[in-house]
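Enquirer: Turn this into a model:
(2 chains)
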Amino acid sequence: DGGITQSPKYLFRKEGQNVTLSCEQNLNHDAMYWYRQDPGQGLRLIYYSQIVNDFQKGDIAEGYSVSREKKESFPLTVTSAQKNPTAFYLCASTSPVVGPYEQFFGPGTRLTVL
Amino acid sequence: AQKITQTQPGMFVQEKEAVTLDCTYDTSDQSYGLFWYKQPSSGEMIFLIYQGSYDEQNATEGRYSLNFQKARKSANLVISASQLGDSAMYFCATLGMDSSYKLIFGSGTRLLVRP
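Expert: Residues are numbered from 1 along each chain as shown, chains lettered A, B, ... in the order given. So this is what the prediction gives:
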């Protein structure tokens, strides 16, 4: 089955630690995205990548970093510089070749800072 | 900049009845797309339906239909014959105007279906 996997499902971090969230897709999509969702809110874009070895900052990139070494993988690192990282993180992908460009989402990772 | 507004934080509907979830959008682009996603308590975002700005017909997908009124800049989601499994958060979204193909989301509406 084609889809997007994210791991872990739940993640606990101590203050001052960096943590990495995994995102893998087997949909052969070129574009991948990381969104953050706070309680009762919509999603906000952190980073996106439209091609291997290239990525761009989204609306709330401060305190986060990403890499895109393989088409299938787009890991997100939440660094100690992120002041309020407790949130739900969703990874998505799309094929920006033919419309309507709907994005497919993974199941999400819930990050809690202790 | 584009903006999506969902003014109903929460809605109730009786099982088997229809419900309309409101969405208004603000964009200066001539060509745009509007999406609706469902987010159950598990957290995953499920794509429901899409409407292109140049589509003449309102989009329909099973029990979901989109009431698209371009002049009013509204793209309301209609769910017919509500089921208990429809209880979830619903988000309206549009594509960003830049080349990122990012989605811009509203704040969502929580729908609760009563038995």
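Enquirer: can you list the weak-confidence ranges in the chain?
Expert: As the question left the chain open, I've gone with chain A. Applying pLDDT under 70 to chain A flags residues A:1, A:97-100.
Enquirer: look at chain B instead
Expert: B:97.
Enquirer: ok, 80 please
Expert: Per-residue confidence for chain B (pLDDT under 80) gives these ranges: B:1, B:96-100.
Enquirer: is it true that A:Gly58 touches A:Tyr48?
Expert: Yes: between A:Gly58 and A:Tyr48 there is a contact under Cβ atoms under 8 Å: 5.9 Å. Every C-beta, even on glycine, is put in place using the N, C-alpha and C of the backbone.
Enquirer: what's the closest non-adjacent residue to the residue in chain A that chain B sits nearest to?
Expert: In chain A, no residue comes nearer to chain B than A:Gly42, which is 3.5 Å away by Cβ to the nearest Cβ. Excluding its sequence neighbours, the residue lying closest to A:Gly42 (Cβ to Cβ, 6 or more residues apart in numbering or on different chains) is B:Phe105, at 3.5 Å.
Enquirer: now the strands for the chain?
Expert: As the question left the chain open, I've gone with chain A. All strands of chain A, identified by DSSP state E, fall at A:4-7, A:10-13, A:19-25, A:31-37, A:43-51, A:54-57, A:64-66, A:76-78, A:87-94, A:104-105, A:109-113.
Enquirer: look at chain B instead
Expert: Using DSSP E, strands in chain B cover B:3-5, B:10-14, B:19-21, B:24-26, B:33-39, B:46-52, B:60-61, B:64-69, B:74-79, B:88-95, B:103-105, B:109-114.
Enquirer: would you turn the ones you listed into JSON lines with mean neighbour count?
Expert: Converted to JSON lines, these look like this (neighbours: other Cβ atoms under 10 Å in any protein chain shown):
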{"stretch": "strand B:3-5", "mean neighbour count": "16"}
{"stretch": "strand B:10-14", "mean neighbour count": "13"}
{"stretch": "strand B:19-21", "mean neighbour count": "18"}
{"stretch": "strand B:24-26", "mean neighbour count": "16"}
{"stretch": "strand B:33-39", "mean neighbour count": "24"}
{"stretch": "strand B:46-52", "mean neighbour count": "18"}
{"stretch": "strand B:60-61", "mean neighbour count": "12"}
{"stretch": "strand B:64-69", "mean neighbour count": "18"}
{"stretch": "strand B:74-79", "mean neighbour count": "22"}
{"stretch": "strand B:88-95", "mean neighbour count": "24"}
{"stretch": "strand B:103-105", "mean neighbour count": "23"}
{"stretch": "strand B:109-114", "mean neighbour count": "17"}
